[in-house]
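1. sharing a model prediction with you, sequence too.
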Amino acid sequence: MQAHAFWKSVTMDRANMLENLIALLSENGVRYCVIGGQAVNAYAEPLVSLDLDLVVAVDQLAKAESLFTSRFRVERFPHSLNVSAEGSDLRVQIQTDPRYFEFVERACEREVLGVPMPVARLEDVLQGKVWAALDAERRASKRRKDLLDIERILEVRPELRGLVPASLLNKLAE
């Protein structure tokens, strides 16, 4: 089974949400990139997840939100827009934390589970994972997954170890 078919099966994406969302962004010239666990998957051995985390260019965020609202169910949170669709278990989170906005300009196209998409450069993906792992307001289980993702990145690019705070490196050594 190819990666894309497997992911569609896992996310039960009978609504073709992924394809529709990417097409909507592309047709409207909205610049974005993949961040989070699926971005880690683009650089390291992939893990299965129902989540797709994106960041949209800051000057196009309002346009993107309007487009999403016209086609999908959208919930607004302090640092994200959560986008979902009937008939799909795919969970798309649009990051609105300003720290991520610069990632879009440095992104390059990579395959994310069989689908070519703009993906944040690996150093930016790592930085996002460091921010998430250090965020005391996140659930402990989410922070542990962020640590795993950091570890996965360091396995493929050990020279990036210097970008990870000692406090997190110590947790990886435990």
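-> Now that the structure is in, tell me what you want to look at.
2. mind showing which ranges of this protein have poor pLDDT?
-> Where the chain drops to pLDDT under 70, the residues are 1-11, 13.
3. same thing but at 80, please
-> 1-15, 113, 174 (pLDDT under 80).
4. now do the helices in it.
-> Counting by DSSP state H, one finds helices in the chain at the ranges 3-10, 17-27, 36-43, 61-71, 103-106, 122-134, 140-156, 166-173.
5. which helices and strands sit right next to the fifth one?
-> Helices and strands in packing contact with helix 103-106 are listed as strand 32-35, strand 51-56, helix 122-134; criterion 3 or more Cβ pairs under 8 Å, 6 or more residues apart in numbering; DSSP states H and E. Heads up, the C-betas are built off the backbone N, CA and C, glycines and all.
6. can the ones you listed go into JSON lines with extra columns for distance to Arg161?
-> JSON lines is the format used below for those (distance: least, Cβ to Cβ, whole Å):
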{"stretch": "strand 32-35", "distance to Arg161": "20"}
{"stretch": "strand 51-56", "distance to Arg161": "23"}
{"stretch": "helix 122-134", "distance to Arg161": "10"}
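7. thought Arg161 was touching Leu154?
-> Yes: using Cβ atoms under 8 Å as the test, Arg161 is close enough to Leu154 to be in contact (5.7 Å).
8. can you name the residues bridging to Arg110?
-> Met117 (DSSP bridges).
9. burial measure for it, as a count.
-> Neighbourhood size, Arg110 [other Cβ atoms under 10 Å]: 19.
10. again with Val34
-> 24.
11. which one's more surrounded, Arg161 and Leu154?
-> Leu154 (18 against 13).
12. contacts only, for the more buried one.
-> With contacts defined as Cβ atoms under 8 Å, 6 or more residues apart in numbering, the neighbours of Leu154 are Leu160, Arg161, Val164, Leu172.
13. and of those residues, the nearest to Phe77?
-> Val164 (26.8 Å; Cβ to Cβ).
14. ok, now which ones touch the residue nearest to Arg31 when sequence neighbours are not counted?
-> Closest residue in space to Arg31, ignoring its immediate chain neighbours: Ala57 at 4.1 Å, by Cβ to Cβ, 6 or more residues apart in numbering. Contact analysis of Ala57 by Cβ under 8 Å, 6+ apart lists Val30, Arg31, Tyr32, Phe101, Val104, Glu105.
15. identify, from those, the entry nearest to Asp146.
-> For the contacts of Ala57, the nearest to Asp146 is Phe101 (19.9 Å; Cβ to Cβ).
16. wait, that closest one sits on Val58?
-> Yes: contact criterion Cβ under 8 Å: Phe101 and Val58 qualify, at 4.2 Å.
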